[in-house]
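K.L.:
I would like to see how this sequence folds:
(one chain, ligands or ions: 1)
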Amino acid sequence: MMKIFDAHCDVLYKMWLNNKISFKDSDILHVNYENLVFAGSKVQCFAIYIPESVRFEDRFNVALEMVDIFYERVLNDICPKMKLVLEKKDILQLHKDEIGAILTLEGCDAIGHDLVRLKTLYRLGVRSVGLTWNFANAVADGCREQRNGGLTNFGIEVVQLNNDLKMWTDVSHLSERSFWDTIELAQFPIASHSNVYSLFQHPRNLKDDQIKAIIEKKGIIGISFVPYFLSENYQNTHIKDILNHIDYICSLGGEKNIGFGSDFDGIDDTINGLEDYRGYKVLVEELQKQYSNEQISKFCYQNFVDTFPN
Ligand SMILES: [Zn+2]
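P.N.:
Numbers count the residues shown, from 1 in each chain. Presented below is the predicted three-dimensional model:
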């Protein structure tokens, strides 16, 4: 079975909203333990995402609540084969039936203006830091801010801390200007869940020069399964649409820079055939019609593992 590394899901957010959900087999979740096993997951990233509705002063605490859910309800006795990943060697040492779990931050809203909070999240296991969600925070502007501002002085400190601690800096959701400021500074850039702007002009997608810059910096683009990033016909999307985005990045020379960041559990609408994590099996079968197993293994797993910074 093809090993899968998925760089983004919002399981923790869903489990935070509903404390009755079991990670093991809840059918409310796109990503649950049984689905991961079924489709060949090897590493899953779990995002800490703080909704806009949470008051500023409560955001760090909500982040800690999601960290708690990660340790108590994902890495627990019911799913003993889920293993915490802090370093690349933790991935390489996973046994055949074990699945690695990486804690990631989606947007720095939770840290406010305080690097100690970011260091604390690192010490709790966070290994990838998305600078913004769609809007502005103390670090940078997101892609839905009209003014298109870039990194703030504090944002520069955040990216430098990511570099020092060997964390990924995640450019998904950034405004264009923030993207360019960040890509210049970040030693370990990824776009955990973003697609190709040339194929569908959505502010969350990456323009050609951005994709080329990520390739240049040896970063990875996690193709997402968000229907409304894929094509004009977003009410009726198919796995073929995802293949178009992969083909396009390959055509820019990015074969070593493609991964997947599904955004499962962060989306209500799904692509036909990819209704939940089990759909990765179908995606792999579709890829096999067009790509060699060696290429597919890069897209599905190896590219992200190769760039894991520490
Ligand atoms: Zn997102």
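
K.L.:
Which parts of the stretch 101-250 of the chain are strands?
P.N.:
Here the stretch 101-250 of the chain has its strands, by DSSP state E, counting those that start in this stretch, at 126-130, 168-170, 189-191, 220-223.

K.L.:
Make a markdown table out of those strands and add mean pLDDT and mean neighbour count.
P.N.:
C-beta coordinates here come from the backbone N, C-alpha and C atoms, glycine included. Written out in a markdown table, the entries for the strands of the stretch 101-250 of the chain read as follows (pLDDT from 0 to 100; neighbours: other Cβ atoms under 10 Å):
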| stretch | mean pLDDT | mean neighbour count |
| --- | --- | --- |
| strand 126-130 | 98 | 25 |
| strand 168-170 | 98 | 29 |
| strand 189-191 | 98 | 29 |
| strand 220-223 | 98 | 28 |
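
K.L.:
Can you check which of these gets nearest to residue 199?
P.N.:
Closest to residue 199 of the strands of the stretch 101-250 of the chain, according to Cβ to Cβ: strand 220-223, at 10.9 Å.

K.L.:
any idea how far that closest one is from the chain center?
P.N.:
Averaging C-alpha coordinates over strand 220-223 and over its chain gives two centres that are 8 Å apart (Cα atoms, centre = their mean, to the nearest Å).

K.L.:
Report the strands that pair with it, each with its relative direction.
P.N.:
For strand 220-223, the pairing partners within the sheet under DSSP bridges are strand 189-191 (parallel), strand 258-260 (parallel).

K.L.:
And for the first one, what's in contact with it?
P.N.:
The reference is to strand 189-191. The set of residues that contact strand 189-191 without belonging to it, under Cβ atoms under 8 Å, 6 or more residues apart in numbering, is 7, 128, 168-172, 182-183, 206, 214, 217, 219-222, 259, 261, 304, 307.

K.L.:
ok, back up a step: closest one to residue 76 among the strands paired with strand 220-223?
P.N.:
strand 258-260 (25.6 Å).

K.L.:
Check which element follows that closest one along the chain.
P.N.:
Under the assignment DSSP states H and E, the closest C-terminal helix or strand after strand 258-260 is helix 280-288.

K.L.:
Just the buried positions in that following helix, please.
P.N.:
Residues of helix 280-288 classed as buried under the neighbour-count rule (16 or more other Cβ atoms under 10 Å) are 280-284, 286-287.

K.L.:
Output the contacting helices and strands for that helix.
P.N.:
Contacts defined by 3 or more Cβ pairs under 8 Å, 6 or more residues apart in numbering; DSSP states H and E place helix 280-288 against helix 33-39, helix 239-251, helix 293-297.

K.L.:
nearest to residue 98, of those helices?
P.N.:
Put simply, out of those the one that sits nearest residue 98 is helix 33-39, at 10.5 Å, with distance taken as Cβ to Cβ.

K.L.:
now the following helix or strand past the closest one: mean pLDDT?
P.N.:
The element immediately downstream of helix 33-39 (helix or strand, assigned by DSSP H and E) is strand 41-49. Strand 41-49 carries an average pLDDT of 98.

K.L.:
ok, strand 41-49: who's next to it in the sheet?
P.N.:
Strand 41-49 is paired, per DSSP bridges, with strand 4-6 (parallel), strand 99-106 (parallel).

K.L.:
Tabulate these in TSV, adding columns for mean neighbour count, mean pLDDT and distance to residue 189.
P.N.:
Putting these into TSV (neighbours: other Cβ atoms under 10 Å; pLDDT from 0 to 100; distance: least, Cβ to Cβ, whole Å) gives the following:
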stretch	mean neighbour count	mean pLDDT	distance to residue 189
strand 4-6	27	98	17
strand 99-106	24	98	14
